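# could you work out the structure for the sequence below:
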Amino acid sequence: MRLVVVTDVHGKLEKVRKLTKTLAGLEVDALLIAGDLTHFGGAEQAKDILHPLRNLGFPLLTVHGNCDGRDVPELLDGLGIGVHGKRVDINGLGVIGIGGSNQTPFHTVWELTEDEIRGVLERNYRPGDVILSHVPPYGTIADRVHLGRHVGSKALRRFIEEHKPPLVVCGHIHEGKGEDRIGETVVVNPGPLFRGYYAVIEFDEKEKKVRNVELLRL
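Next up, the predicted model:
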């Protein structure tokens, strides 16, 4: 199963259009977006960002990010592509979503407590599911800011250690681009699409195992 994963578009429609040209004609089983479609924009801007991607015809799932407007989650759910707080199955691949971020010093639009993050995971996760989360797990490449401090979710980290999901796709920390592991779990932050980054992941949906990760740039 070929998964294309992107995050942190932050309203850059020109990057979305460039990505759609790159992906056109490829065999893609699902496109996963880990939030921040907009930069504090609302549903109309998010709709503009999503339109070219939806026209590709791939199954598409997304969560909102902490910088998406208050009406964005409702739009995503209305389009049938939002997975925050729920579980969706795509051709044998279970995906559960966590939108927004853990709490930050900046009091952004969508922030969750660690208990709320844990609750989303406990209510929805089934063994072998992929986690699509805007916030990365604590203590990885994916959550390290410029000065080396880790700022990800400790609840997500503990859940990964306990339940060992095969794959976590995340974003939020723009400088946290990379692939890491927590035990058997592969953690991928593709890097922000507004800077041209995305990733392609080969995933064995039968064995529930990541076969390959390519970190790419437009």
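# do you know how far E175 is from P192?
9 Å (CB to CB, to the nearest Å). Yep, even glycine has a C-beta here, placed from its N, CA and C like the rest.
# compare these two (neighbour count), which wins?
P192 (24 against 15; other CB atoms under 10 Å).
# read off the pLDDT value for the more buried one.
Predicted confidence (pLDDT) for P192: 98.
# which residues does the residue most central in space within the chain contact?
Closest to where the C-alpha atoms of the chain average out (CA atoms, centre = their mean) is A34, at 2.2 Å. Shown in contact with A34 (CB atoms under 8 Å, 6 or more residues apart in numbering): 5-8, 62-63, 65, 132-134, 169-172, 190.
# please enumerate the strands of this structure.
Per DSSP state E, the chain carries strands over the ranges 2-6, 30-33, 60-62, 87-90, 93-98, 101-102, 111-112, 130-133, 167-169, 178-182, 185-189, 197-204, 209-217.
# quick one: list the elements packing against the first one.
Think strand 2-6. strand 30-33, strand 197-204 (3 or more CB pairs under 8 Å, 6 or more residues apart in numbering; DSSP states H and E).
# contacts for the shortest one?
What it means is strand 30-33. Contacts of strand 30-33 (CB under 8 Å, 6+ apart): 1, 3-7, 9, 23, 53, 56, 58-63, 90-91, 93, 95, 130, 132, 169.
# recalculate using a threshold of 6 Å.
With CB atoms under 6 Å, 6 or more residues apart in numbering as the test, strand 30-33 has contacts from L3, V4, V5, V6, F58, P59, L60, L61, T62, I90, L132, V169.
# of those, which pair is most distant in space?
Maximum pairwise distance among these (CB to CB): 16.2 Å, between V6 and I90.
# on that earlier part again, most tightly packed of the helices and strands packed on strand 2-6?
The highest mean neighbour count among these, using mean count of other CB atoms under 10 Å, belongs to strand 30-33: a mean of 26.
# ok now it, how far from the chain's centre?
8 Å (CA atoms, centre = their mean, to the nearest Å).
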